[in-house]
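In: What would the 3D arrangement of this be:
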Amino acid sequence: MDTIASLFSFITTPVSWVIVQFHSLYGAIFGPDTGWAWGLSIVSLVVLIRICLIPLFVKQIKSTRNMQVLQPKMKAIQERYKNDKQRQSEEMMKLYKETGTNPLSSCLPILVQSPFFFALYHVLSAIASGKQIGFINQGLLDSARQAHIFGAPLAAKFTDGSAKVASLSASVTDVRVITAIMIVLMSASQFYTQRQLMTKNVDLTVKTPYMQQQKMLMYIFPVIFAVTGINFPVGVLVYWLTTNVWTMGQQMFVINQNPTPGSKAQDAYLQRLLKGITAHSDIRSRRKRNVVRAIVAKGPDRNDNERRFMTGLAKAGLAAQADGTVIKSDTAAVEAESGGAAKRQQPKRQTKAKRQSAATHSGTDASTQATDSEVRGDAAKTSLQKKSEPQDTTSKPAGKPAAGSARQAKPGQRKGQQRPKHPSKK
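Out: Predicted coordinates:
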């Protein structure tokens, strides 16, 4: 333990100094020996560290989104060079370099925060052991050992025995109840933080192994906190719970104000933005103008959320400009109501049965016309023949058909001269 403490001595001393400064401030308000003074000192230490980590947090968000976008390309590289690991690594590094993505950026806040966590852990362990460390002298050591948070000493742990807890002027029941509640809250806040990231701030149109990995972490991290939390002093649990709550709030702000493209959070954000724009017919914030300008620049590459946003602007009689502003446009409203720009109407495609029926009908009409012309020609020839032949004045017996006359019609057959059949129907 002393060896590990010596390794983190470069950060233990600054951490102890920051705690002492905050303790002097809150001690003047709540009393130097109270749990409020020491507890708020730890909380203030967390807030200070997290404020310093905001630039890294922004970089983490950008890296995480870039990794989500690159997942399909990374998967293609892995499948293409699955038998050549060296070439696969070279192509991955080339892809990272071209897109400016650093896979380690998503872990930077945790990596940077880890030394402060271990430093605080050793400071509280030294207090529990009655050892002076950093800027915490004997007087501050005695004050910290007397401080309790809801009956649990700052240096007590869930696994401590009754003798050690009694030396800190507390009971085992109080310590275990308070530590159990804090461990549950710590795990629940971690689970909710990861869950809102997966359900609200993930591009649902891209299904990648990265999403499955994040889903697994949503269940793994709370279990890790629950198992390891029983070995943390109460002060460390206060530190870690405050860190999780800060992360949860910070992520909620990012999801509401700068959501991932294609996610549910982006749809909700654009609907809020649309409501504000239509109410004032103007965009008053520079950040919002940048959002609109980015959507306009995408053109046909917009996702479904962005298309709905542009359609909503058009229905309200507004048109987004390339600089992120909006102007009134009656044309946009008319096009939105009519379903977009007027398109040339195409004739409806007929069914196969209708096409066959139309073809048969046209063929029948042509056959009928040809037959009529042939009949008229035959009738003309017959009339000429009758004029050229002498008339036979011999009377013929009644009831018998004359020679050369039309044959007697059969039942169901039309009487008189029959039209010749069309060649195509023979």
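In: who's in contact with the residue lying closest to residue 156 once chain neighbours are set aside?
Out: Among residues not flanking residue 156 along the chain, residue 175 sits closest, at 4.6 Å (C-beta to C-beta, 6 or more residues apart in numbering). C-beta coordinates here come from the backbone N, C-alpha and C atoms, glycine included. For residue 175, the contact set (C-beta atoms under 8 Å, 6 or more residues apart in numbering) comprises 151-153, 156-158, 160, 165, 234.
In: Please list only the buried members of those residues.
Out: 152-153, 156-158, 160, 165, 234 (16 or more other C-beta atoms under 10 Å).
In: Just the buried residues of whatever helix or strand residue 249 lives in, please?
Out: Using DSSP states H and E, residue 249 sits in helix 234-257. Going by neighbour count (16+ other C-beta under 10 Å), the buried part of helix 234-257 is 234-248, 250-252, 254-255.
In: re the thing from before, tell me how far the residue nearest to residue 156 lies from residue 163.
Out: Going from residue 175 to residue 163 by C-beta to C-beta, to the nearest Å gives 13 Å.
In: Now list whatever residues contact both of the two.
Out: If you check residue 175 and residue 163 against C-beta under 8 Å, 6+ apart, no residue is contacted by both.
In: Just checking the distance from the helix holding residue 249 to the centre of its chain.
Out: Its chain's average C-alpha position is 23 Å from that of helix 234-257, according to C-alpha atoms, centre = their mean, to the nearest Å.
In: Give the other helices and strands that it contacts.
Out: helix 35-52, helix 108-129, helix 172-200, helix 264-280 (3 or more C-beta pairs under 8 Å, 6 or more residues apart in numbering; DSSP states H and E).
In: mean pLDDT lowest for which of the ones you listed?
Out: Per-stretch mean pLDDT for the helices and strands packed on helix 234-257 is lowest at helix 108-129 (a mean of 77).
In: Can you check what angle separates it from helix 234-257?
Out: Between helix 108-129 and helix 234-257, the angle comes out at 160 degrees (axes from the mean of the first three to the mean of the last three C-alpha atoms, to 10 degrees).
In: buried set for helix 108-129?
Out: 108-109, 113, 116-128.
In: Repeat that for stretch 323-331.
Out: By neighbour count on 16+ other C-beta under 10 Å, the buried set for stretch 323-331 is 324, 326, 329.
In: what's the second one in contact with, if anything?
Out: Residues near residue 326 by C-beta under 8 Å, 6+ apart: 277, 281-283, 292, 313, 318-320.
In: quick one on the thing from earlier: dump the helices and strands packed on helix 234-257 into a markdown table; add distance to residue 79 as well.
Out: Converted to a markdown table, these look like this (distance: least, C-beta to C-beta, whole Å):
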| stretch | distance to residue 79 |
| --- | --- |
| helix 35-52 | 40 |
| helix 108-129 | 30 |
| helix 172-200 | 25 |
| helix 264-280 | 30 |
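In: Residue 66: which of those helices is closest?
Out: Among these, the nearest to residue 66 by C-beta to C-beta is helix 108-129 (13.9 Å).
In: downstream neighbour of the closest one in the secondary structure list?
Out: Going down the chain from helix 108-129, the next helix or strand is helix 138-146, by DSSP H and E.
In: contacts for that following helix?
Out: With C-beta under 8 Å, 6+ apart, helix 138-146 has contacts from 20, 23, 32-33, 38, 127-128, 130-132, 136, 153-155, 168-169.
In: go again using 7 Å as the cut-off
Out: Contact with helix 138-146 is made by 20, 32-33, 38, 127, 130, 132, 153-155, 168, as judged by C-beta atoms under 7 Å, 6 or more residues apart in numbering.
In: Over to stretch 85-101?
Out: The contact list for stretch 85-101, computed with C-beta under 7 Å, 6+ apart, reads 63, 66-67, 70, 73-74, 77-78, 81, 102-103.
In: Widest-spaced pair of those residues?
Out: Across these, the longest distance by C-beta to C-beta is 23.6 Å; it joins 63 and 81.
In: The two - which one has more neighbours?
Out: More neighbours surround residue 63 than the other of residue 63 and residue 81, with 19 against 16 (other C-beta atoms under 10 Å).
In: I'd like the average pLDDT over the host helix or strand of residue 28.
Out: Using DSSP H and E, residue 28 maps to helix 9-30. Per-region confidence: helix 9-30 scores 89 on mean pLDDT.
In: roughly how far is that helix from the heart of the chain?
Out: 42 Å.
In: With stretch 161-171 instead?
Out: Using C-alpha atoms, centre = their mean, the distance between the centre of stretch 161-171 and that of its chain works out at 50 Å.
In: Next: stretch 36-44.
Out: That offset, for stretch 36-44, works out to 38 Å (C-alpha atoms, centre = their mean).
In: can you list contacts of it?
Out: Contact with stretch 36-44 is made by 19, 22-23, 26-27, 30-31, 144, 147, 149, 154, 235, 238-239, 242, as judged by C-beta under 7 Å, 6+ apart.
In: about what we covered before: could you flag which of the contacts of helix 138-146 are buried?
Out: Looks like the contacts of helix 138-146 have 20, 32, 38, 127, 153-155, 168 buried, using 16+ other C-beta under 10 Å.
In: Tabulate the residues you listed (TSV), appending distance to residue 197.
Out: Below are the buried ones among the contacts of helix 138-146 laid out as TSV (distance: C-beta to C-beta, whole Å):
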residue	distance to residue 197
20	36
32	41
38	33
127	36
153	35
154	32
155	34
168	39
